[in-house]
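>>> I'd like to go over a predicted model; first the sequence, then the structure.
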Amino acid sequence: MKLLILGGTQFAGRAVTEAALARGWDVTVFHRGRHAAPEGVAVRLGDRTADGGRATLADGEWDVVVDTWSGAPAGVRDTARLLAGRAGRYVYVSSCSVYVWPPAAGYDESTPTVESSPDAGDVPYAEAKRGGELAVLDAFGDERSLLVRSGLILGPWENIGRLPWWLGRIARGGDVLAPGPRETPLQYVDVRDLAEWMLDAAETGRSGPYNLVSAPGHTTMGELLDTCVAVTGSKARLRWMPAETVLAAGVEPWTDLPIWVPPTQEAHGALHGVGVERALAAGLRCRPVADTVRDTWAWLTSLGGAAPQRPDRTRVGLAPEVEERLLREA
(Lines give C-alpha, C1' and ligand atoms only; values in the text may rest on other atoms or scores of the structure.)
Protein backbone atom coordinates (compact mmCIF):
# COMPACT_ATOMS: atom_id res chain seq x y z
CA MET A 1 0.00 0.00 0.00
CA LYS A 2 1.12 3.53 -0.78
CA LEU A 3 0.21 6.01 1.96
CA LEU A 4 0.34 9.79 1.97
CA ILE A 5 0.13 11.17 5.50
CA LEU A 6 -0.55 14.88 5.82
CA GLY A 7 1.36 15.69 8.97
CA GLY A 8 2.89 12.48 10.20
CA THR A 9 5.44 13.82 12.66
CA GLN A 10 3.48 14.24 15.91
CA PHE A 11 0.94 12.31 17.98
CA ALA A 12 -1.81 10.76 15.81
CA GLY A 13 0.01 11.42 12.56
CA ARG A 14 3.22 9.99 14.00
CA ALA A 15 1.41 6.87 15.20
CA VAL A 16 -0.10 6.31 11.74
CA THR A 17 3.31 6.75 10.10
CA GLU A 18 5.02 4.32 12.48
CA ALA A 19 2.23 1.73 12.08
CA ALA A 20 2.32 1.94 8.28
CA LEU A 21 6.10 1.59 8.19
CA ALA A 22 5.86 -1.47 10.44
CA ARG A 23 3.53 -3.02 7.87
CA GLY A 24 6.01 -2.40 5.11
CA TRP A 25 3.90 0.25 3.42
CA ASP A 26 5.41 2.89 1.15
CA VAL A 27 4.92 6.09 3.18
CA THR A 28 5.14 9.69 2.03
CA VAL A 29 4.95 12.42 4.69
CA PHE A 30 3.85 15.93 3.73
CA HIS A 31 4.70 18.41 6.47
CA ARG A 32 6.05 21.86 7.23
CA GLY A 33 9.46 20.74 8.41
CA ARG A 34 9.01 21.87 12.00
CA HIS A 35 9.60 18.37 13.38
CA ALA A 36 11.69 15.51 12.08
CA ALA A 37 9.81 12.84 10.13
CA PRO A 38 10.38 9.18 11.08
CA GLU A 39 13.17 7.39 9.25
CA GLY A 40 12.12 5.38 6.25
CA VAL A 41 9.58 7.80 4.76
CA ALA A 42 9.65 9.95 1.65
CA VAL A 43 9.31 13.61 2.61
CA ARG A 44 7.52 16.39 0.76
CA LEU A 45 7.73 19.77 2.45
CA GLY A 46 4.96 22.32 2.24
CA ASP A 47 2.46 24.44 4.15
CA ARG A 48 -1.15 24.15 3.06
CA THR A 49 -1.94 27.56 4.57
CA ALA A 50 0.55 29.38 2.31
CA ASP A 51 0.16 30.44 -1.31
CA GLY A 52 1.65 27.66 -3.40
CA GLY A 53 2.17 25.64 -0.23
CA ARG A 54 0.90 22.41 -1.81
CA ALA A 55 3.24 22.52 -4.79
CA THR A 56 5.11 19.40 -3.74
CA LEU A 57 1.86 17.42 -3.91
CA ALA A 58 1.29 18.28 -7.57
CA ASP A 59 2.38 14.81 -8.69
CA GLY A 60 2.24 11.28 -7.31
CA GLU A 61 -0.39 8.63 -6.69
CA TRP A 62 -1.39 6.94 -3.44
CA ASP A 63 -3.77 4.23 -2.29
CA VAL A 64 -4.63 6.07 0.92
CA VAL A 65 -4.39 9.61 2.25
CA VAL A 66 -4.58 10.22 6.01
CA ASP A 67 -5.24 13.78 7.16
CA THR A 68 -5.19 14.94 10.80
CA TRP A 69 -5.83 18.65 10.05
CA SER A 70 -7.84 20.57 12.65
CA GLY A 71 -7.61 24.07 11.22
CA ALA A 72 -9.79 25.87 8.69
CA PRO A 73 -11.91 23.45 6.61
CA ALA A 74 -10.74 25.20 3.45
CA GLY A 75 -7.33 23.66 4.13
CA VAL A 76 -8.84 20.19 3.83
CA ARG A 77 -11.00 21.23 0.86
CA ASP A 78 -8.14 22.42 -1.31
CA THR A 79 -5.89 19.47 -0.44
CA ALA A 80 -8.60 16.89 -1.03
CA ARG A 81 -9.51 18.43 -4.39
CA LEU A 82 -5.86 18.37 -5.44
CA LEU A 83 -5.57 14.66 -4.61
CA ALA A 84 -9.02 13.39 -5.64
CA GLY A 85 -7.88 12.03 -8.99
CA ARG A 86 -4.64 10.52 -7.69
CA ALA A 87 -5.60 8.82 -4.43
CA GLY A 88 -7.89 5.89 -3.74
CA ARG A 89 -9.29 6.79 -0.33
CA TYR A 90 -9.18 9.78 2.02
CA VAL A 91 -9.11 9.10 5.76
CA TYR A 92 -9.89 12.19 7.80
CA VAL A 93 -9.20 12.17 11.54
CA SER A 94 -12.21 14.06 12.84
CA SER A 95 -13.67 14.24 16.36
CA CYS A 96 -16.76 13.42 18.38
CA SER A 97 -16.90 17.19 18.90
CA VAL A 98 -18.73 17.42 15.55
CA TYR A 99 -21.97 16.37 17.25
CA VAL A 100 -24.37 18.98 18.57
CA TRP A 101 -23.06 19.43 22.12
CA PRO A 102 -23.53 17.82 24.50
CA PRO A 103 -24.87 14.62 22.95
CA ALA A 104 -26.57 12.16 25.30
CA ALA A 105 -24.55 9.18 26.53
CA GLY A 106 -24.66 6.32 24.05
CA TYR A 107 -24.84 8.55 20.98
CA ASP A 108 -23.83 7.01 17.67
CA GLU A 109 -22.86 8.17 14.19
CA SER A 110 -26.46 9.11 13.35
CA THR A 111 -26.53 11.84 16.03
CA PRO A 112 -27.01 15.36 14.57
CA THR A 113 -23.82 17.29 13.82
CA VAL A 114 -23.02 20.99 14.01
CA GLU A 115 -23.57 23.22 11.01
CA SER A 116 -20.45 23.97 9.00
CA SER A 117 -19.06 24.36 5.50
CA PRO A 118 -16.06 23.01 3.57
CA ASP A 119 -15.40 26.61 2.53
CA ALA A 120 -15.10 27.95 6.07
CA GLY A 121 -12.03 29.77 7.25
CA ASP A 122 -11.01 29.94 10.89
CA VAL A 123 -13.94 28.63 12.93
CA PRO A 124 -14.34 26.93 16.34
CA TYR A 125 -12.95 23.41 16.67
CA ALA A 126 -16.25 21.55 16.25
CA GLU A 127 -17.13 23.49 13.10
CA ALA A 128 -13.60 23.07 11.78
CA LYS A 129 -13.74 19.30 12.09
CA ARG A 130 -17.24 19.06 10.61
CA GLY A 131 -16.23 21.36 7.78
CA GLY A 132 -13.22 19.13 7.16
CA GLU A 133 -15.51 16.12 6.92
CA LEU A 134 -17.71 17.90 4.39
CA ALA A 135 -14.66 18.89 2.37
CA VAL A 136 -13.53 15.27 2.12
CA LEU A 137 -17.00 14.09 1.13
CA ASP A 138 -17.21 16.79 -1.52
CA ALA A 139 -13.91 15.77 -3.14
CA PHE A 140 -13.89 11.99 -2.66
CA GLY A 141 -17.59 11.12 -2.35
CA ASP A 142 -19.26 8.82 0.17
CA GLU A 143 -17.62 5.60 -1.01
CA ARG A 144 -14.01 6.81 -0.86
CA SER A 145 -14.20 8.86 2.36
CA LEU A 146 -13.52 7.48 5.86
CA LEU A 147 -14.38 9.89 8.68
CA VAL A 148 -12.76 8.87 11.96
CA ARG A 149 -14.55 10.66 14.80
CA SER A 150 -12.06 10.13 17.57
CA GLY A 151 -12.79 10.57 21.24
CA LEU A 152 -10.14 11.15 23.89
CA ILE A 153 -6.75 10.02 22.51
CA LEU A 154 -3.92 9.02 24.85
CA GLY A 155 -0.56 7.33 24.45
CA PRO A 156 3.04 7.99 23.37
CA TRP A 157 3.74 11.19 21.41
CA GLU A 158 0.84 13.01 23.10
CA ASN A 159 1.29 16.75 22.59
CA ILE A 160 -1.86 17.89 24.40
CA GLY A 161 -0.52 17.07 27.86
CA ARG A 162 -3.36 15.15 29.54
CA LEU A 163 -1.78 11.84 30.52
CA PRO A 164 1.72 13.39 30.62
CA TRP A 165 0.48 15.88 33.23
CA TRP A 166 -0.82 13.12 35.51
CA LEU A 167 2.35 11.10 35.10
CA GLY A 168 4.55 14.09 35.81
CA ARG A 169 2.53 15.17 38.83
CA ILE A 170 2.47 11.69 40.34
CA ALA A 171 6.16 11.15 39.63
CA ARG A 172 6.94 14.21 41.80
CA GLY A 173 5.39 12.37 44.74
CA GLY A 174 3.76 13.66 47.89
CA ASP A 175 0.03 13.98 48.38
CA VAL A 176 -1.80 14.13 45.05
CA LEU A 177 -5.35 15.41 44.71
CA ALA A 178 -7.36 12.64 43.07
CA PRO A 179 -10.84 13.69 41.90
CA GLY A 180 -13.56 11.22 42.77
CA PRO A 181 -15.33 9.00 42.59
CA ARG A 182 -12.60 6.39 42.10
CA GLU A 183 -15.00 4.30 40.03
CA THR A 184 -15.72 7.11 37.52
CA PRO A 185 -15.71 5.31 34.14
CA LEU A 186 -13.31 6.53 31.47
CA GLN A 187 -13.29 6.04 27.73
CA TYR A 188 -10.32 6.77 25.48
CA VAL A 189 -8.36 5.25 22.62
CA ASP A 190 -4.65 4.55 22.61
CA VAL A 191 -3.22 6.46 19.65
CA ARG A 192 -1.59 3.27 18.35
CA ASP A 193 -4.90 1.40 18.38
CA LEU A 194 -6.44 4.35 16.53
CA ALA A 195 -3.70 4.17 13.92
CA GLU A 196 -3.93 0.41 13.42
CA TRP A 197 -7.70 0.53 13.06
CA MET A 198 -7.52 3.32 10.48
CA LEU A 199 -5.00 1.46 8.36
CA ASP A 200 -7.02 -1.76 8.55
CA ALA A 201 -10.20 0.11 7.64
CA ALA A 202 -8.57 1.88 4.72
CA GLU A 203 -7.04 -1.34 3.41
CA THR A 204 -10.38 -3.14 3.53
CA GLY A 205 -12.24 -0.28 1.88
CA ARG A 206 -14.39 1.00 4.74
CA SER A 207 -16.12 4.34 4.35
CA GLY A 208 -18.42 6.69 6.22
CA PRO A 209 -18.26 7.96 9.81
CA TYR A 210 -17.03 5.91 12.77
CA ASN A 211 -16.84 6.93 16.42
CA LEU A 212 -13.37 5.78 17.40
CA VAL A 213 -12.72 5.30 21.11
CA SER A 214 -12.75 2.34 23.50
CA ALA A 215 -15.93 0.80 24.85
CA PRO A 216 -17.49 2.82 27.71
CA GLY A 217 -15.93 1.88 31.03
CA HIS A 218 -12.68 0.68 29.45
CA THR A 219 -11.03 1.86 32.66
CA THR A 220 -11.80 4.06 35.67
CA MET A 221 -10.22 7.14 37.18
CA GLY A 222 -9.00 4.99 40.05
CA GLU A 223 -7.35 2.40 37.81
CA LEU A 224 -5.74 5.09 35.68
CA LEU A 225 -4.16 6.94 38.61
CA ASP A 226 -3.17 3.76 40.44
CA THR A 227 -1.41 2.67 37.27
CA CYS A 228 0.40 6.01 37.05
CA VAL A 229 1.69 5.47 40.58
CA ALA A 230 2.82 1.94 39.75
CA VAL A 231 4.64 2.65 36.46
CA THR A 232 6.46 5.74 37.76
CA GLY A 233 7.59 3.95 40.93
CA SER A 234 6.45 7.02 42.82
CA LYS A 235 5.79 7.26 46.54
CA ALA A 236 2.87 9.53 45.79
CA ARG A 237 -0.23 9.22 47.98
CA LEU A 238 -3.52 9.63 46.13
CA ARG A 239 -5.88 11.76 48.23
CA TRP A 240 -9.35 11.07 46.86
CA MET A 241 -11.70 14.02 47.12
CA PRO A 242 -15.46 14.14 46.40
CA ALA A 243 -16.34 15.71 43.06
CA GLU A 244 -18.58 18.25 44.81
CA THR A 245 -15.67 19.54 46.88
CA VAL A 246 -13.42 19.84 43.84
CA LEU A 247 -16.04 21.68 41.82
CA ALA A 248 -16.95 24.02 44.69
CA ALA A 249 -13.32 25.16 44.74
CA GLY A 250 -13.63 26.37 41.15
CA VAL A 251 -11.51 23.58 39.69
CA GLU A 252 -12.37 22.92 36.04
CA PRO A 253 -12.88 19.31 34.96
CA TRP A 254 -11.00 18.19 31.84
CA THR A 255 -8.60 21.15 31.86
CA ASP A 256 -7.42 21.72 35.46
CA LEU A 257 -7.72 17.98 36.10
CA PRO A 258 -7.18 16.38 32.70
CA ILE A 259 -9.31 13.43 31.55
CA TRP A 260 -11.63 13.69 34.59
CA VAL A 261 -15.25 14.78 34.27
CA PRO A 262 -17.69 14.11 37.16
CA PRO A 263 -20.24 11.43 36.21
CA THR A 264 -23.01 13.80 37.33
CA GLN A 265 -22.24 16.29 34.55
CA GLU A 266 -23.69 16.08 31.04
CA ALA A 267 -20.21 16.35 29.60
CA HIS A 268 -19.30 12.99 31.13
CA GLY A 269 -21.75 11.19 28.88
CA ALA A 270 -20.51 13.15 25.88
CA LEU A 271 -16.83 12.44 26.57
CA HIS A 272 -16.90 9.04 28.27
CA GLY A 273 -20.18 7.55 27.03
CA VAL A 274 -19.63 7.40 23.28
CA GLY A 275 -21.45 4.71 21.32
CA VAL A 276 -18.80 2.69 19.49
CA GLU A 277 -20.65 -0.43 18.38
CA ARG A 278 -19.91 0.29 14.72
CA ALA A 279 -16.15 0.54 15.26
CA LEU A 280 -16.04 -2.53 17.50
CA ALA A 281 -17.91 -4.52 14.85
CA ALA A 282 -15.34 -3.26 12.33
CA GLY A 283 -12.45 -4.70 14.30
CA LEU A 284 -11.45 -2.04 16.84
CA ARG A 285 -9.37 -3.56 19.60
CA CYS A 286 -8.09 -1.52 22.56
CA ARG A 287 -5.10 -2.46 24.68
CA PRO A 288 -5.27 -2.39 28.52
CA VAL A 289 -4.78 0.90 30.31
CA ALA A 290 -1.57 -0.45 31.89
CA ASP A 291 0.05 -0.69 28.45
CA THR A 292 -0.92 2.86 27.50
CA VAL A 293 0.31 4.35 30.77
CA ARG A 294 3.55 2.32 30.84
CA ASP A 295 4.49 3.14 27.26
CA THR A 296 3.63 6.82 27.66
CA TRP A 297 5.85 6.99 30.74
CA ALA A 298 8.70 5.26 28.88
CA TRP A 299 8.37 7.78 26.04
CA LEU A 300 8.29 10.72 28.47
CA THR A 301 11.34 9.38 30.26
CA SER A 302 13.19 9.15 26.94
CA LEU A 303 12.53 12.88 26.49
CA GLY A 304 13.77 13.76 29.96
CA GLY A 305 10.22 14.15 31.26
CA ALA A 306 9.25 17.19 29.19
CA ALA A 307 6.41 16.41 26.79
CA PRO A 308 5.92 18.42 23.59
CA GLN A 309 3.07 20.94 23.62
CA ARG A 310 0.89 21.91 20.68
CA PRO A 311 1.05 25.71 20.32
CA ASP A 312 -2.66 25.92 19.46
CA ARG A 313 -3.81 24.20 22.65
CA THR A 314 -3.95 25.61 26.16
CA ARG A 315 -1.77 23.84 28.70
CA VAL A 316 -3.68 21.61 31.06
CA GLY A 317 -3.11 20.83 34.73
CA LEU A 318 -3.95 22.05 38.21
CA ALA A 319 -1.93 24.93 39.63
CA PRO A 320 0.23 23.66 42.54
CA GLU A 321 -1.04 26.35 44.91
CA VAL A 322 -4.66 25.34 44.26
CA GLU A 323 -3.88 21.68 44.89
CA GLU A 324 -2.02 22.53 48.09
CA ARG A 325 -4.91 24.63 49.37
CA LEU A 326 -7.49 21.96 48.67
CA LEU A 327 -5.40 19.25 50.31
CA ARG A 328 -4.77 21.45 53.33
CA GLU A 329 -8.47 22.20 53.76
CA ALA A 330 -9.65 18.63 53.20
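Happy to help now that I have it.
>>> From here on, just use CA atoms for contacts and neighbour counts.
Will do.
>>> What lies in contact with the lengthiest strand in the chain?
Taking DSSP state E as the criterion, the chain has its longest strand at strand 87-95. Contacts to strand 87-95, defined as CA atoms under 8 Å, 6 or more residues apart in numbering, come from residues 61-70, 80, 126, 129-130, 132-133, 136, 140, 144-151, 198, 202, 205, 211.
>>> swap the cut-off to 6 Å and go again
Outside of strand 87-95, the residues within contact range by CA atoms under 6 Å, 6 or more residues apart in numbering are 61-68, 129, 144-150.
>>> What pLDDT is listed against Gly174?
Note on Gly174: pLDDT of 98.
>>> ok, which stretches of the stretch 201-330 of the chain are strands?
Remark: strands assigned in the stretch 201-330 of the chain by DSSP state E, counting those that start in this stretch are 208-212, 219-220, 237-241, 253-254, 257-258.
>>> what packs against the second one?
Packing partners of strand 219-220 (3 or more CA pairs under 6 Å, 6 or more residues apart in numbering; DSSP states H and E): strand 185-186.
>>> who does the strand it packs on pair up with?
Here strand 185-186 is paired, per DSSP bridges, with strand 219-220 (antiparallel).
>>> quick check: mean pLDDT across the partner strand?
Per-residue pLDDT values over strand 219-220 give a mean of 98.
>>> Give me the residue at the spatial middle of this structure.
Ile153 (3.6 Å; CA atoms, centre = their mean).
>>> which ones are touching it?
Contacts for Ile153 (CA under 6 Å, 6+ apart) come out as 188-191.
>>> let's go with 10 Å and repeat that
Contact analysis of Ile153 by CA atoms under 10 Å, 6 or more residues apart in numbering lists 11-12, 160, 162-163, 187-194, 212-214, 259.
>>> for Ala281, same thing?
Neighbour list for Ala281: empty [criterion: CA under 10 Å, 6+ apart].
>>> Okay, domains of the protein per the record?
Domain segmentation of the chain under automatic domain parsing yields 2-150, 158-187+217-271+288-329.
>>> any idea which of the ones you listed is most buried?
Sort the domains of the chain by mean neighbour count, taking mean count of other CA atoms under 10 Å, and domain 2-150 sits at the top with a mean of 20.
>>> just how off-centre is stretch 75-93 within its chain?
21 Å (CA atoms, centre = their mean, to the nearest Å).
>>> now the end-to-end length of that stretch.
By CA to CA, to the nearest Å, the extent of stretch 75-93 from end to end equals 14 Å.
>>> what are the ranges of the helices in the stretch 151-300 of the chain?
162-172, 191-203, 221-232, 243-248, 266-272, 277-281, 289-302 (DSSP state H, counting those that start in this stretch).
>>> any chance of those in TSV, plus distance to Ala84?
Below are the helices of the stretch 151-300 of the chain laid out as TSV (distance: least, CA to CA, whole Å):
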stretch	distance to Ala84
helix 162-172	36
helix 191-203	15
helix 221-232	42
helix 243-248	49
helix 266-272	33
helix 277-281	26
helix 289-302	36
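>>> and Ala80, what element?
helix 73-83 (DSSP states H and E).
>>> Mind checking the pLDDT average for that helix?
The average pLDDT within helix 73-83 is 97.
>>> For it, name the packing helices and strands.
Helices and strands touching helix 73-83, as assessed by 3 or more CA pairs under 10 Å, 6 or more residues apart in numbering; DSSP states H and E, comprise strand 62-67, strand 87-95, helix 125-140.
>>> Just want the angle from that helix to strand 62-67.
Helix 73-83 and strand 62-67 are oriented at 170 degrees to each other (axes from the mean of the first three to the mean of the last three CA atoms, to 10 degrees).
>>> Got the phi and psi for Val27?
Main-chain torsions, Val27, degrees, to the nearest 10: phi -110, psi 130.
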